[in-house]
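S.K.: sequence unknown, structure follows:
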Ligand SMILES: C[S@@+](CC[C@H](N)C(=O)[O-])C[C@H]1O[C@@H](n2cnc3c(N)ncnc32)[C@H](O)[C@@H]1O
């Protein structure tokens with residue numbers, strides 16, 4: 001029996017109401033934002049001209065709250081499907097006295113409950129896990145709620161490869177195959193997620209102009225400052241993903257348990273080497 005609430009029919013690979021997932025995302029937000037060079041690295045973290053920001057599938061709200069804290073003149077809105085994450089983000093905004101940050105429960109697979117032309121910047125980091133067939137409709141909604149001249153900004157990665165850990169490579173292979181099986185991968189073989197080569201064209205197809213991108217690299221090899229954080233993240237995220245991987249039939253409990261143990265041991269080796277690539281693409285609503 002599990003004490004975690006059930007995943008329901010959500011397409012996210014982890015249970016969004018899980019406390020363990022929320023704790024993981026709180027930590028992950030810190031090292032990902034830092035590894036990306038700050039909140040808005042492609043503009044040298046310059047928010048001038050930006051007054052209203054939406055952070056979609058904001059999780060516990062770390063990115064949005066940091067902007068609200070550092071830029072009291074900016075109004076930041078976040079939404080997520082998880083009531084638990086939104087409750088947490090609201091609580092943090094309240095105790096920090098951030099009247100310029102608000103958070104709502106909302107499903108990005110449904111029409112977004114914001115008027116046309118609402119935001120100067122519509123941001124989504126690690127949100128395109130939705131079925132690939134649904135992404136154009138989702139981006140159409142993003143376009144609708146962005147003001148003319150405003151920006152849509154998407155950040156994605158091909159997960160956490162490559163590394164020297166054979167078990168991690170196998171685990172990522174399972175994830176790739178599972179996502180492919182449920183229509184949440186652009187990869188022809190299912191070996192990757194395949195989202196990064198698509199980002200710019202998805203924005204162009206949605207009608208964005210001046211579409212650009214920038215890549216960031218996080219080295220989480222042994223000895224690097226973020227190594228420990230990644231070890232903790234992986235100990236959680238891959239365990240939380242087990243029901244999804246087993247449920248879509250790409251592995252067994254026995255195999256995934258073995259890989260998890262092996263991966264955690266390989267990550268602790270002094271000669272463990274690993275890189276995560278992150279791509280941010282952005283474009284302008286004409
Ligand atoms: C990988 S996390 C990214 C969180 C945050 N954007 C960040 O970068 O820290 C994905 C988030 O999507 C949320 N989510 C899952 N399905 C969703 C849906 N249909 N609509 C809105 N949010 C969703 C999850 O609850 C989770 O917080």
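M.R.: Arrived safely. Quick caveat, the model's predicted, so the values are computed rather than measured.
S.K.: for the longest helix seen in the chain, which positions count as buried?
M.R.: As assigned by DSSP state H, the longest helix anywhere in the chain is helix 227-247. For helix 227-247, a neighbour-count test (16 or more other Cβ atoms under 10 Å) marks 227, 229-231, 233-234, 236-238, 240-246 as buried. Where C-beta positions appear, they are placed from N, C-alpha and C, glycine not excepted.
S.K.: for it, name the packing helices and strands.
M.R.: Judged by 3 or more Cβ pairs under 8 Å, 6 or more residues apart in numbering; DSSP states H and E, the packing partners of helix 227-247 are helix 19-35, helix 166-181, helix 253-267.
S.K.: hmm, that helix touching the ligand?
M.R.: No - using Cβ under 6 Å from any ligand atom, helix 227-247 never reaches the ligand; the gap is at least 9.0 Å.
S.K.: which residues sit against that helix?
M.R.: For helix 227-247, the external contacting residues (Cβ atoms under 8 Å, 6 or more residues apart in numbering) are 7, 13-15, 18, 20-21, 23-24, 27-28, 30-31, 160, 168, 171, 174-175, 178, 220-221, 251-253, 256-257, 260, 263-264, 267-268, 272, 274, 276.
S.K.: tell me the helix or strand right after whichever helix or strand residue 140 is part of.
M.R.: Using DSSP states H and E, residue 140 maps to helix 135-145. Next helix or strand after helix 135-145 toward the C-terminus (DSSP H and E): strand 146-157.
S.K.: that following strand: partners in the sheet, and parallel or antiparallel?
M.R.: strand 119-125 (parallel), strand 275-284 (antiparallel) (DSSP bridges).
S.K.: and it, average pLDDT?
M.R.: Averaging pLDDT along strand 146-157 yields 98.
S.K.: how much does that strand deviate in direction from helix 135-145?
M.R.: Orientation check (axes from the mean of the first three to the mean of the last three Cα atoms, to 10 degrees): strand 146-157 against helix 135-145 gives 140 degrees.
S.K.: contacting residues around the most centrally placed residue in the chain?
M.R.: For the chain, the residue nearest the mean C-alpha position is residue 126 (2.0 Å; Cα atoms, centre = their mean). For residue 126, the contact set (Cβ under 8 Å, 6+ apart) comprises 57, 155-157.
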